[in-house]
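A.B. asks: Next come a sequence and a model predicted from it.
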Amino acid sequence: MEKVPATVTWGLLAAWAVHDAEELATMARWTRTARPRLEQRYPTVPWERFELSQKQVNVALGLMAGVMAGASALGARSGGRSPLFQSVLAAFGVHGAVHLAQAAVWRGYTPGVLTAPVVVIPFSVWAWRRLKAAGVPTRTGPTTLASLAAFPLVTGAVHALARILATPRRHRPKHPA
């Protein structure tokens, strides 16, 4: 059994950073410019809830950086054996495929689609192969499916928290105590 190189575990954080640099540069502007077309295609969706300010994108990506750094650190400490590291690695790869599907449905550019096929998916496939070559037991089955199902929940929670943190207090809705 060979040692899992840091390029696998910390590489997850690096690949995410490259991918999210694209999202950082394009997401806020894209949501603004795409909104009229989205409203026309899907008129029952409350698109105003999904529009993102640059500040909200910055905060969301910062929060997600914490998730990715934590998963990478657990992966490094465990030699790639951490269930959380493996779950995040699996979700990252699926995330790349989701970007491709979104762009196909949109029939054009969507944030993240450029780096998905050249960074996200290839890194994920390579990392899994390195884990297997090193003799690291990989989690499959219901645990992996559950972690993949949790991915949209984590992403949604990160964006919801980012919206709260990026909204000045004077503009936040008041809730009765």
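C.D. replies: Okay, I see it. As the structure is a computational prediction, the values presented were derived from the model and not from experiment.
A.B. asks: How far off centre is stretch 55-67?
C.D. replies: Distance of stretch 55-67 from the chain centroid (CA atoms, centre = their mean, to the nearest Å) equals 10 Å.
A.B. asks: do stretch 39-46 as well
C.D. replies: Centre to centre, stretch against its chain (CA atoms, centre = their mean), the figure for stretch 39-46 is 24 Å.
A.B. asks: For this structure, which segments count as helices?
C.D. replies: With helices called from DSSP state H, the chain shows them at 6-41, 54-78, 83-106, 121-133, 142-166.
A.B. asks: Make CSV from those and add distance to V113 and mean neighbour count to it.
C.D. replies: No exception for glycine: its C-beta is placed from N, CA and C like everyone else's. As requested, the helices of the chain are exported to CSV (distance: least, CB to CB, whole Å; neighbours: other CB atoms under 10 Å):
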stretch, distance to V113, mean neighbour count
helix 6-41, 8, 17
helix 54-78, 16, 18
helix 83-106, 4, 19
helix 121-133, 11, 17
helix 142-166, 16, 14
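A.B. asks: I'd assumed V120 was in contact with H99.
C.D. replies: Yes. The pair H99 / V120 is scored as a contact, 7.2 Å apart, by CB atoms under 8 Å.
A.B. asks: which sections of this structure are below the confidence cut-off?
C.D. replies: 1, 140-145, 147, 169-177 (pLDDT under 70).
A.B. asks: returning to what we had before: so what sits against both of H99 and V120?
C.D. replies: Residues within reach of H99 and of V120 at once, by CB atoms under 8 Å, 6 or more residues apart in numbering, are G112.
A.B. asks: if we look at stretch 116-123, which residues are touching it?
C.D. replies: By CB under 8 Å, 6+ apart, stretch 116-123 touches 11-12, 15, 18-19, 92-93, 95-97, 99-100, 112.
A.B. asks: next one: stretch 157-167
C.D. replies: 52-53, 55-60, 63-64, 67, 172.
A.B. asks: Now the two most distant members of those.
C.D. replies: Greatest spacing in the contacts of stretch 157-167, by CB to CB: V67 and R172 (24.1 Å).
A.B. asks: thinking again about what came up before, list just the nearest of the contacts of stretch 157-167 to G135.
C.D. replies: When the contacts of stretch 157-167 are compared against G135 (criterion: CB to CB), the nearest one is V67, at 27.1 Å.
A.B. asks: Report the separation between the closest one and A127.
C.D. replies: Between V67 and A127 the computed distance is 17 Å (CB to CB, to the nearest Å).
A.B. asks: Not counting residues beside it along the chain, what's closest to V59?
C.D. replies: Leaving aside its chain neighbours, V59 sits nearest to A162 (4.0 Å; criterion: CB to CB, 6 or more residues apart in numbering).
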